[in-house]
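**Student:** generate a structure from the sequence data that follows.
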Amino acid sequence: ISLPPPFQGIHLIKSMETDPVITLDVGGTLFRTRRSTLCTSDDTYFSKMFSGKFAEGTGTDTHDTPIFIDRDGELFSSILYFLRTGFLPAKILADQAALEDLNREADYFGIEALSINIRNSTYPPTLCIEKFPFSDILLKLEEGYRFVMARRDHVVSHVCPHGHDEYQPTGYDSRCRHSHVEVYSQDILFAFMTLDKRFPMATIPMVTALLE
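**Tutor:** Next up is the predicted model:
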């Protein structure tokens, strides 16, 4: 049922009161959008700002009072595009460096959905993944490796019990050809890891759970 003109005006005023237009000054660039657009997800920079958890965000700011945010305005335009549409702008998808910068901004603003979207867009088709014994995972994390997955592989090892090939990697085919070389056939847990920084870093609790 359509409302008569006077009541339509009242309805519009109430809508603007509950979902006002917000003006943001991001690094000197002005953006205007609805509060609901900025607060599409819980526990983000903006949802906390307008809930009163930030001193500078009272939740009553209007387009007459810009809120200053000391971040990159050009990158923020892509963030606002994502909040409005749920997609990354096509112009940024081909720019890997810009996607990495945008991912840092997504982390700053706490927009997890954007971070996931960026990671799905930046994994290269030929990601360089290395394979290590799972017992080495903590050491490799200290060296800067990112954990990808764990898997048990069947391994056949030829090992000299007299130590002629000591300290060789798992699955080593012994260079010792004496009759005493022993054959081991077993399933071994391996960690698959990468140095590619676009892959998320594993957290300590995550690794601890894997080791248990």
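
**Student:** show me where pLDDT drops low in this structure?
**Tutor:** For the chain, applying pLDDT under 70 flags the ranges 1-17, 52-64, 122-127, 158, 162-184, 198-212.

**Student:** let's go with 90 and repeat that
**Tutor:** For the chain, the stretches with pLDDT under 90 are 1-20, 39-44, 47-66, 85-100, 112-113, 115-212.

**Student:** which residues in it form helices?
**Tutor:** 5-18, 35-38, 45-49, 73-85, 90-93, 96-109, 112-122, 137-142, 204-211 (DSSP state H).

**Student:** adding mean neighbour count and distance to residue 187, write those out as TSV.
**Tutor:** Using the backbone N, CA and C atoms, a C-beta is placed for each residue, glycine as well. Listed next are these as TSV, based on neighbours: other CB atoms under 10 Å; distance: least, CB to CB, whole Å:
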stretch	mean neighbour count	distance to residue 187
helix 5-18	10	60
helix 35-38	17	51
helix 45-49	19	46
helix 73-85	17	44
helix 90-93	13	41
helix 96-109	17	37
helix 112-122	16	31
helix 137-142	14	17
helix 204-211	11	17
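
**Student:** could these be laid out in JSON lines, adding distance to residue 65?
**Tutor:** As requested, the helices of the chain are exported to JSON lines (distance: least, CB to CB, whole Å):
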{"stretch": "helix 5-18", "distance to residue 65": "15"}
{"stretch": "helix 35-38", "distance to residue 65": "13"}
{"stretch": "helix 45-49", "distance to residue 65": "13"}
{"stretch": "helix 73-85", "distance to residue 65": "18"}
{"stretch": "helix 90-93", "distance to residue 65": "30"}
{"stretch": "helix 96-109", "distance to residue 65": "20"}
{"stretch": "helix 112-122", "distance to residue 65": "26"}
{"stretch": "helix 137-142", "distance to residue 65": "46"}
{"stretch": "helix 204-211", "distance to residue 65": "42"}
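
**Student:** out of those helices, nearest to residue 67?
**Tutor:** helix 45-49 (7.6 Å; CB to CB).

**Student:** check which helices and strands the closest one is in contact with.
**Tutor:** Applying 3 or more CB pairs under 8 Å, 6 or more residues apart in numbering; DSSP states H and E, we find helix 45-49 packed against helix 96-109.

**Student:** got a list of contacts for the helix it packs on?
**Tutor:** The contact list for helix 96-109 (CB atoms under 8 Å, 6 or more residues apart in numbering) reads 44-46, 71-72, 75-76, 78-79, 92-93, 112, 114-115, 118-119, 121-122, 198.

**Student:** need the nearest residue in space to residue 65, chain neighbours excluded.
**Tutor:** residue 23 (7.2 Å; CB to CB, 6 or more residues apart in numbering).

**Student:** I'd say that neighbour and residue 69 touch.
**Tutor:** No. If you go by CB atoms under 8 Å, residue 23 and residue 69 don't touch, sitting 11.2 Å apart.

**Student:** neighbour-wise, which of the two wins?
**Tutor:** Neighbours of residue 23 and residue 69, each counted by other CB atoms under 10 Å, are more numerous for residue 69; the result is 20 against 16.

**Student:** tell me the contacts of that one?
**Tutor:** Counting by CB under 8 Å, 6+ apart, residue 69 touches 24-27, 76.

**Student:** mind giving me the PyMOL select for those, buried ones only?
**Tutor:** For the buried members of those, the matching PyMOL selection, counting by 16 or more other CB atoms under 10 Å, is:
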select buried, resi 24+26+76
